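K.L.:
Show me the folded form of this:
(one chain, ligands or ions: 1)
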Amino acid sequence: MQHPTNELWQALEQQASEYASGFDLRQAFATQPDRFAALSLSAPHLRADLSKNLWDRSVLSGLLALAQSRGLDASRHALLAGEVVNPTENRPALHAWLRMYHAQATDHEWGQGLHDMLALAEALRADPEVDDLVHIGIGGSGLGPEMALQALQPFKTCRQRIHVVSNLDGHDLHQTLQGLQPARTRFVVASKSWSTTETLRNARSAWDWCVAGGLDAPGRHFIAVTSRPERAAAMGYAQLLHLPEGVGGRFSLWSAVGLPLAVAIGAGGFGQLLRGAAEMDEHFAQAPLHANLPVWLGLLDVWNSTFLNLGSRCVVPYHHGLRRLPAYLQQLEMESNGKRVDTQGQPLPWPTTTALWGEVGSNSQHAFFQWLHQGSQRVPTELLLVRRPAHDLDGHHDALLANGLAQAQALMLGAQAGADQLAGHQDFPGNRPSTVLLLEALSPASLGALLALYEHRVFVAGVVWGINSFDQWGVELGKTLARDLEPRLASGDTAGLDGSTAGLVGWVGWVREAVVSFSE
Ligand code: F6P
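P.N.:
Alright, predicted model coming up:
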């Protein structure tokens, strides 16, 4: 990495080369009795222990100075003041506005959709003619509701069953519709752009299913959540909820996109989600940078990926309800900061965000933890624990918490095996970085706070890197090429294609013929 002009970068690079080779967490704890207190922090609804990372207060100070030199204070203010922070689309990023001001949002264009959504959610909950609600949406229009519905399952108070369909693969919708009755089903179709292939195709198939099931006017069974209501209205949708242009897809759970969650937990429960997130917004806005958890976490991400060159980050939620959180965070982080140019489109001279991946604990201990503990790479691992469970099964939860804590302990401490022939195999190198986030309980408010924490962390890292975290041009090329390829699959036309894609189109054609002749 090179950045010849900034002394702060160079000082951190110098420190990084020492920390990459000479730093040992075990020694650090032995020589710094206050290390845990010095590198852990509380924020609304949670605490975070960052002391088992390959850094120190001196590194954190250097990173804070760097963040200030990169304009973090002004950028934080601009985000929270609703200024344009997404220059390529000339938009603000209004997700924090939705929750900070939701109580008085009714007279604002950006708050009306949320207000209407909460009223509609209550109406649906009370509707005796509705048994099933099918939410259709993908990416930011699907992952948030899907993840949050699972996380807040114990808070579900409605009678209706709620389903989420995202995938273009027809198996998703087909399986969901099994056993449902068109007359007693409502569809929420969420698409900010109202142009997403997956969502529009699933919505059309759902419409056809309603017609085939005897509904004369399916439109009154369909609710659109979109920034382009005129497009949905033209297709006959009876109910339209507005999604402001300034709310990005991956930040849209807080908007009308949250309708299925609001049906599940009620407008009151959804209000708690918003309030929990607003508490984190307040912390992000008010806490000085040196005591600000989203800032610490964003800077840790910069330190690990840009300065220490650690190639990915693993997130392991120790809560069954959070099993889709890694997928949600993948979009949040990798779509926001998976970029290699600055806000002006100029190449950045440093590596930016790494891959994020993960799976629920304790399941993942029996899958990839072998690699985390003894593989040849060091991967910062984030363990998310919840102190109080929502069940009373004897012994489960303490064992779960102990397992989570033990992984962080083992990653740091490692272990040396005896001198027998298995010594090499049983040796644990240790000195591997981890972070523990501890929630008091998983509730609408604490989930809101947790998600807002991650959103602001991504923003902080993006500011330090110089990235526009709110656009996503990198998804466009694949969509364009798919539109070109689809008719070629039917026609077999491979003219102008590269050799590999032409060969693959031929294979797909061959498989199709084989399927036809098999079924004949
Ligand atoms: O393809 C990526 C993306 O544009 C995401 O940013 C977005 O969340 C998702 O597709 C769905 O988009 P839409 O809400 O417009 O259907």
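
K.L.:
which residues of the stretch 51-200 of the chain fall in strands?
P.N.:
132-136, 161-165, 185-190 (DSSP state E, counting those that start in this stretch).

K.L.:
just checking, what packs against the last one?
P.N.:
With contacts defined as 3 or more CB pairs under 8 Å, 6 or more residues apart in numbering; DSSP states H and E, the packing partners of strand 185-190 are strand 132-136, helix 197-212, strand 222-226, helix 259-286. Quick note: C-beta positions are derived from backbone N, CA and C, even for glycine.

K.L.:
That one - what's its average pLDDT?
P.N.:
Average pLDDT, strand 185-190: 98.

K.L.:
And stretch 328-346, by the same measure?
P.N.:
In this model, stretch 328-346 has an average pLDDT of 97.

K.L.:
got the contact list for that stretch?
P.N.:
With CB atoms under 8 Å, 6 or more residues apart in numbering as the test, stretch 328-346 has contacts from 87-88, 139-140, 143-144, 147, 250-251, 315, 347-348, 352-353, 355-358, 451, 454-455, 458-459, 461-462, 465-470, 472, 474-475.

K.L.:
mind running it again at 7 Å?
P.N.:
Contact with stretch 328-346 is made by 87, 139-140, 143-144, 147, 250, 315, 347-348, 352-353, 356, 454-455, 458, 461-462, 465-469, 472, 474, as judged by CB atoms under 7 Å, 6 or more residues apart in numbering.

K.L.:
Up against the ligand, what does the stretch 151-300 of the chain have?
P.N.:
Contact residues (CB under 6 Å from any ligand atom) of the stretch 151-300 of the chain with the ligand: S191, K192, S193, T196, T199, G249, R250.

K.L.:
Can you name the two of those that sit furthest apart?
P.N.:
Farthest pair in those (CB to CB) is T199 and R250. Separation: 15.0 Å.

K.L.:
Relative to the ligand, how far out is F470?
P.N.:
Using CB to the nearest ligand atom, to the nearest Å, we find F470 at a distance of 10 Å from the ligand.

K.L.:
Ok, H95 next?
P.N.:
Here the distance between H95 and the ligand works out to 13 Å (CB to the nearest ligand atom).

K.L.:
residues touching the residue nearest to that residue when sequence neighbours are not counted, list them.
P.N.:
Leaving out its chain neighbours, the residue that sits closest to H95 by CB to CB, 6 or more residues apart in numbering is F251, at 3.7 Å. Residues near F251 by CB under 7 Å, 6+ apart: A93, H95, G140, E455.

K.L.:
ok, how many other residues are close to the closest residue to the third one other than its chain neighbours?
P.N.:
What it means is G140. Excluding the flanking residues, the one nearest G140 by CB to CB, 6+ apart is G249, at 2.8 Å. G249 has 26 neighbours, counted by other CB atoms under 10 Å.

K.L.:
repeat for H171
P.N.:
With other CB under 10 Å as criterion, H171 counts 8.

K.L.:
one step back: looking at the strands of the stretch 51-200 of the chain, which is closest to G71?
P.N.:
Per CB to CB, nearest to G71 of the strands of the stretch 51-200 of the chain: strand 185-190, 34.1 Å.

K.L.:
could I get that closest one in PDB with only the CA atoms?
P.N.:
C-alpha atoms of strand 185-190 as PDB (Å, rounded to 0.1, in the frame of the first residue of the first chain):
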ATOM      1  CA  THR A 185     -53.400 -14.600   0.600                       C
ATOM      2  CA  ARG A 186     -51.900 -11.100   0.200                       C
ATOM      3  CA  PHE A 187     -48.700 -10.300  -1.600                       C
ATOM      4  CA  VAL A 188     -46.300  -7.500  -0.700                       C
ATOM      5  CA  VAL A 189     -44.000  -6.700  -3.700                       C
ATOM      6  CA  ALA A 190     -41.100  -4.600  -2.600                       C
END
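
K.L.:
separation between the residue positioned nearest the centre of the chain and G137?
P.N.:
For the chain, L329 is the residue whose C-alpha lies nearest the centre (CA atoms, centre = their mean; 2.3 Å). Look at L329 and G137: by CB to CB, to the nearest Å, they are 18 Å apart.

K.L.:
same deal with D394?
P.N.:
Per CB to CB, D394 is found 39 Å from G137.

K.L.:
Skip the chain neighbours and tell me the closest residue to L325.
P.N.:
P317 (5.0 Å).

K.L.:
Within range of the ligand, give me the residues from the chain.
P.N.:
Counting by CB under 6 Å from any ligand atom, the chain comes close to the ligand at 138-141, 191-193, 196, 199, 249-250, 335, 472, 475.

K.L.:
what's around the residue in the stretch 351-500 of the chain positioned nearest to the ligand, how many residues?
P.N.:
The stretch 351-500 of the chain approaches the ligand most closely through V475 (3.8 Å), counting by CB to the nearest ligand atom. V475 has 10 neighbours, counted by other CB under 10 Å.

K.L.:
Output the below-cut-off pLDDT ranges for the stretch 101-250 of the chain.
P.N.:
Within the stretch 101-250 of the chain, the segments meeting pLDDT under 70 span 101-107.

K.L.:
In it, mark out all the helices, start to finish.
P.N.:
Assigned by DSSP state H, counting those that start in this stretch, the stretch 101-250 of the chain shows helices spanning 109-126, 143-151, 170-177, 197-212, 229-234.

K.L.:
who's in contact with P154?
P.N.:
P154 touches A390, counting by CB under 7 Å, 6+ apart.

K.L.:
could we number from 40 for the rest of this?
P.N.:
Done: numbering now begins at 40, and the last item shifts to P193.

K.L.:
Can you tell me how far it is from D431?
P.N.:
On the measure of CB to CB, P193 and D431 end up 12 Å apart.

K.L.:
Walk me through the domains of the chain.
P.N.:
As given by automatic domain parsing, the domain ranges for the chain are 46-92+332-429+462-512, 130-309, 530-559.

K.L.:
To what extent is the nearest residue to V203 once chain neighbours are set aside buried, counted in neighbours?
P.N.:
In this structure, V203 finds its nearest non-sequential neighbour in E185, 4.2 Å apart by CB to CB, 6+ apart. Neighbour count for E185, taken as other CB under 10 Å: 22.
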